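Colleague: next comes the sequence, and after it the predicted model I'd like to discuss.
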Amino acid sequence: MKKNMLIFGTLVVTSMFFLGCINNIGYIDLTAEEAKELIDTTPDLVIIDVSPKYDEGHIPGAINYYVGDGSLDEAIPTLDKNVSYLVYCHVDSASILGATKLVQAGFDPVYRLEGNYQAWIDAGYPVTGESGYADVTAIQAKDLIDNNTNIVVIDVSPLYDEGHIPGAINYYIGDGSLGEAIETLDKEKDYLVYCHTDSASINGAEKLVAAGFNPVYRLEGNFQAWIDAGYDVEP
C-alpha cells in the first residue's frame with residue numbers, strides 16, 4: 001500500500017512539473033483585445049501568420065511564414081531579435097508550435113493570439129483579404145485615427161475642399177496626384193484611404209498595395225459613412 005502511495009505521489013509531482021513546463025514555454029497568450037492594443041501601441045511589432053490560409057484573410061500588416069512547410073524555420077535565422085513578435089494561426093496547435101519555435105530560437109518577447117484568427121474576427125477587427133487592403137467601418141476608422149499614431153489618412157477625391165476627415169491629406173486619384181505622391185510616401189507608415197465612391201477608394205487603396213505599402217485600410221462607405229456616424233469633418 002505504501003509502495004502504491006509513493007508511486008502515486010511521484011506521478012502527481014511529475015505531472016505538475018510537466019504542466020508547469022507547458023505553461024512556462026516563454027511566450028505570452030493575449031486575447032484579441034490585448035493583441036489589438038499591442039499592435040496599436042508597438043511600432044516595432046512583427047505579426048506572423050503561420051497558417052496556409054493567409055491569402056484568404058489575415059490581420060493587417062501580418063507576414064506569412066507557414067509553419068507546416070518549413071517556411072517559418074527558414075525565416076527564423078533572418079528575423080530581427082531586437083523586436084517583438086505576435087504569432088497566430090487558425091488552430092492552437094500551429095500557433096503554439098510557431099510561438100514555441102521563436103522562443104526556442106531566442107526571441108523575446110513572443111506573444112500568441114489566444115483563439116487565433118477567429119478570435120480576431122469575432123472581436124470585429126479589420127482583416128486583409130486577397131485585395132491586399134483591409135476594409136474598415138467608420139467606427140474602426142475612427143479608432144485607427146484616434147489610437148494609431150502611425151496612420152496617414154488620404155482623401156483621393158476632387159471634393160476635398162468641400163469637406164474631409166480631419167487630418168486627411170488630398171491626393172486626387174483622377175488627375176494622377178496619388179500616383180505622383182506614392183513615390184514620396186513613407187512605407188513605414190500605415191494608410192487609410194477614402195473617397196466619395198467605392199471605385200475611387202478601391203483604386204486608391206489598390207495603388208498603395210501594389211506599390212508595396214502595408215497595412216493599407218479603406219473606409220467602407222467612404223466619406224458618407226463618416227458623416228453618417230456623426231464624426232467631425234473639416235473645414
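Modeller: Now that the structure is in, tell me what you want to look at. Numbers count the residues shown, from 1 in each chain.
Colleague: CA only for contacts and neighbour counts going forward, please
Modeller: Will do.
Colleague: how is Asp29 assigned, secondary-structure-wise?
Modeller: For Asp29, the secondary structure call by DSSP: H, G, I helix; E, B strand; the rest coil comes out as strand.
Colleague: excluding its backbone neighbours, what's nearest it?
Modeller: What sits nearest to Asp29 in space, not counting adjacent residues and going by C-alpha to C-alpha, 6 or more residues apart in numbering, is Arg112, at 4.8 Å.
Colleague: let me see the contact set for that neighbour.
Modeller: With C-alpha atoms under 8 Å, 6 or more residues apart in numbering as the criterion, the residues that contact Arg112 are 27-30, 86-88, 95-96, 99.
Colleague: who wins on neighbours among the residues you listed?
Modeller: With neighbours set by other C-alpha atoms under 10 Å, the maximum within these is found at Tyr88, which has 29 neighbours.
Colleague: hmm, Leu113 and it touching each other?
Modeller: Yes - with the criterion set as C-alpha atoms under 8 Å, Tyr88 and Leu113 qualify as a contacting pair; they are 5.3 Å apart.
Colleague: overlap of the contact sets of those two?
Modeller: With contacts taken as C-alpha under 8 Å, 6+ apart, the residues that reach both Tyr88 and Leu113 are Ser95.
Colleague: what's the first helix or strand after whichever strand or helix holds Ser95?
Modeller: When elements are defined using DSSP states H and E, Ser95 is found to belong to helix 92-104. From helix 92-104 onward toward the C-terminus, using DSSP H and E, the following helix or strand is strand 110-113.
Colleague: can you list the strands that that following strand pairs with?
Modeller: Under the criterion DSSP bridges, strand 110-113 sits next to strand 28-30 (parallel), strand 85-88 (parallel) in its sheet.
Colleague: quick check: end-to-end length of stretch 151-165?
Modeller: Across its full length, stretch 151-165 reaches 13 Å between end residues, using C-alpha to C-alpha, to the nearest Å.
Colleague: contacts for it, please.
Modeller: Outside stretch 151-165, the residues within contact range by C-alpha under 8 Å, 6+ apart are 144-145, 167-174, 178, 189-196, 200-201, 204, 223, 226, 232-235.
Colleague: next step: these restricted to helices.
Modeller: Using DSSP state H to define helices, the subset of the contacts of stretch 151-165 located there is 144-145, 178, 200-201, 204, 223, 226.
Colleague: can you tell me which of these are buried?
Modeller: Among the ones in helices among the contacts of stretch 151-165, those buried by neighbour count (16 or more other C-alpha atoms under 10 Å) are 144-145, 178, 200-201, 204, 223, 226.
Colleague: got the residues you listed as JSON lines, with pLDDT and distance to Ala210 columns?
Modeller: Listed next are those as JSON lines, based on pLDDT from 0 to 100; distance: C-alpha to C-alpha, whole Å:
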{"residue": "Leu144", "pLDDT": "92", "distance to Ala210": "22"}
{"residue": "Ile145", "pLDDT": "95", "distance to Ala210": "23"}
{"residue": "Leu178", "pLDDT": "96", "distance to Ala210": "13"}
{"residue": "Ala200", "pLDDT": "93", "distance to Ala210": "15"}
{"residue": "Ser201", "pLDDT": "95", "distance to Ala210": "14"}
{"residue": "Gly204", "pLDDT": "94", "distance to Ala210": "10"}
{"residue": "Phe223", "pLDDT": "98", "distance to Ala210": "23"}
{"residue": "Trp226", "pLDDT": "98", "distance to Ala210": "26"}
